[in-house]
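Chemist: Structure for this input, please:
(chains A and B)
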Amino acid sequence: MALSMKIQASSLIAGQRRVRPMTGRRAVVIKAALELKAPPYALDALEPHMSKQTLEFHWGKHHRAYVDNMNKQIAGTPLDGKSLEEVVLASWNGGSPTPVFNNAAQVWNHTFFWESMKPNGGGAPTGKLAEAIVRDFGSFEKFKEEFKSAGLTQFGSGWAWLNADKSGQLSLSKTPNAVTPVVEGKTPILTVDVWEHAYYIDVQNRRPDYLTTFIEKLINWDVVAERYAAAQK
Amino acid sequence: RISRSISTVKLPDLPYDYGALEPYISGQIMELHHTKHHAAYVANLNKALEQQAEAEAKGDVSKVITLQGAIKFNGGGHINHDIFWTNLVPPKDFEPPSGELKALIEGQWKSLDNFINIFNAQTAAVQGSGWGWLGYNKGSGRLEITAMPNQDPLSITGLVPLLGVDVWEHAYYLQYKNVRPDYLKAIWNVVNWKNVADRLAAAKK
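Modeler: Predicted structure coming up:
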């Protein structure tokens, strides 16, 4: 049988997979490296609330390094070729996370974080989500205070989260380092990164100011509402 | 009824100007690190100790227990930074290790360079926030390289702290950004080996 090269059309879509040469019977399969997803806005689009320089380092260096290091760790292992979500759950290893988890979970967390923000964000949620916030926190103001407090009291590196369960009940949580509520069986709908690299260029030690700005000026409540609806399906 | 007074801690002065460790650690970082980060640990520790004293006076054991996290975070932060400032020296006054300290390092790690490489590899690998430590094991009489998460003080392991390297991002970010290994290469130019030797001598008494 003549050898022929076929390039899968799907490889050109979404930038998710590299070209796979398939030669006759013995397909040489190069497994896909997972890719660094860009934020859904330009790196300067969140100014003046989050600087372009922060995005250049936070996305361009930190997030990129998590992706590159994860790919190096899983190449040639059974995790190679799996989806990011599968890699995160597998490397969580039931609470005894492997070194892969530190990178894979951070890849997931950071994408979730970029997508939780938008230019001219902030303001307030509407509709069912707004009602749920009032029901579960007492008021939107109270929710903002408690979300900020979760971010402030996560000592060291980590994340603060707003989660929803299947019934639409909301809850706050905070996690250290790379841990994500997904491995705790929760469905997050909003997150804020409180590793120092997330805010040090812009406000140095002033984490409270960073959290206030995030809440008032950056949250993409449309995306949060979509995630809230999806959590109840 | 036992009544106790509490003693509060004080932010120590640095034994050098903020800019004195340049170009290895910037004056901007030293000033923020001392006047904002360490100062906050001191203020929050004192507040937690006062609240603990009030709770003890009222016999509110539950409240005492809930304060332990804050005492550990902020107390550890104070202890660690208190040691750290003395572990550093302006580059013009730098001297490599000598005497017993040098002998111990070379005996255990063959050379100072090899010790530094191993220390840096372990310290660079700290996940999130924490410290790399050179400690002294009184039981074995040996030095040990180890890392501690967040602000957990080395003393809780039983080791005597000799030299700590802060790898919380606030310790290096404005100058080295995400490149923690570059910070770890640079800091050895400002390590105060005399202070490390003094701590070792005190530990052996």
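Chemist: Which element, helix or strand, includes residue B:136?
Modeler: Here residue B:136, judged by DSSP states H and E, is contained in strand B:130-137.
Chemist: can you list the weak-confidence ranges in chain A?
Modeler: Chain A contains residues with pLDDT under 70 at A:1-32.
Chemist: residue boundaries of the strands in chain B?
Modeler: For chain B, the strands defined by DSSP state E cover B:130-137, B:142-149, B:160-166.
Chemist: Up against chain A, what does chain B have?
Modeler: Selection of chain B residues close to chain A by CB under 8 Å from any CB of the partner chain yields B:32, B:36-37, B:40, B:69, B:73, B:127-130, B:149-151, B:168-170, B:173-174, B:177-178. Every C-beta, even on glycine, is put in place using the N, C-alpha and C of the backbone.
Chemist: how about residue B:16, what does it touch?
Modeler: By CB atoms under 8 Å, 6 or more residues apart in numbering or on different chains, residue B:16 lies in contact with B:88-90.
Chemist: What's the per-residue pLDDT of it here?
Modeler: Looking at residue B:16, its pLDDT is 98.
Chemist: Tell me how far the residue nearest to residue B:108 when sequence neighbours are not counted lies from residue B:149.
Modeler: Excluding the flanking residues, the one nearest residue B:108 by CB to CB, 6 or more residues apart in numbering or on different chains is residue B:143, at 5.9 Å. Here residue B:143 is placed at a distance of 21 Å from residue B:149 (CB to CB, to the nearest Å).
Chemist: which residues does residue 147 contact?
Modeler: By default, I'm working from chain A. Applying CB under 8 Å, 6+ apart to residue A:147 gives the contacts A:160, A:162, A:172, A:192, A:211, A:215.
Chemist: I was thinking of chain B, sorry if that wasn't clear
Modeler: Contact criterion CB under 8 Å, 6+ apart gives B:122-123, B:125-126, B:130-133 as the residues in contact with residue B:147.
Chemist: of those residues, closest to chain A?
Modeler: Proximity of the contacts of residue B:147 to chain A (CB to the nearest CB) peaks at residue B:130, which lies at 7.7 Å.
Chemist: these two touch, right, that closest one and residue B:154?
Modeler: No - shown here, residue B:130 and residue B:154 do not form a contact pair, counting by CB atoms under 8 Å, at 10.9 Å.
Chemist: what do these two both touch?
Modeler: Counting by CB under 8 Å, 6+ apart, the residues touching both residue B:130 and residue B:154 are residue B:148.
Chemist: Excluding chain neighbours, give the residue nearest to residue A:151 in space.
Modeler: With CB to CB, 6+ apart as the criterion, residue A:151 has its nearest non-adjacent residue at 4.0 Å, and that residue is residue A:160.
Chemist: Okay, now the unreliable bits of chain B?
Modeler: Ranges of chain B meeting pLDDT under 70: B:1-5.
Chemist: Tell me where it has helices.
Modeler: With DSSP state H, the ranges of helices along chain B come out as B:27-32, B:39-58, B:61-66, B:68-86, B:99-109, B:112-124, B:173-176, B:180-186, B:193-204.
Chemist: Same list, these, but as JSON lines with mean neighbour count please.
Modeler: Converted to JSON lines, the helices of chain B look like this (neighbours: other CB atoms under 10 Å in any protein chain shown):
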{"stretch": "helix B:27-32", "mean neighbour count": "17"}
{"stretch": "helix B:39-58", "mean neighbour count": "17"}
{"stretch": "helix B:61-66", "mean neighbour count": "12"}
{"stretch": "helix B:68-86", "mean neighbour count": "20"}
{"stretch": "helix B:99-109", "mean neighbour count": "15"}
{"stretch": "helix B:112-124", "mean neighbour count": "16"}
{"stretch": "helix B:173-176", "mean neighbour count": "18"}
{"stretch": "helix B:180-186", "mean neighbour count": "17"}
{"stretch": "helix B:193-204", "mean neighbour count": "17"}
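Chemist: Columns distance to residue A:207 on top of these, output as CSV?
Modeler: Below are the helices of chain B laid out as CSV (distance: least, CB to CB, whole Å):
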stretch, distance to residue A:207
helix B:27-32, 13
helix B:39-58, 10
helix B:61-66, 22
helix B:68-86, 14
helix B:99-109, 38
helix B:112-124, 24
helix B:173-176, 13
helix B:180-186, 20
helix B:193-204, 31
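Chemist: For residue A:60, find the nearest of these.
Modeler: Of all the helices of chain B, it is helix B:173-176 that lies closest to residue A:60, at 14.9 Å by CB to CB.
Chemist: ok so, going back, between the contacts of residue A:147, which sits nearest chain B?
Modeler: Nearest to chain B among the contacts of residue A:147, with distances taken as CB to the nearest CB, is residue A:160, at 14.7 Å.
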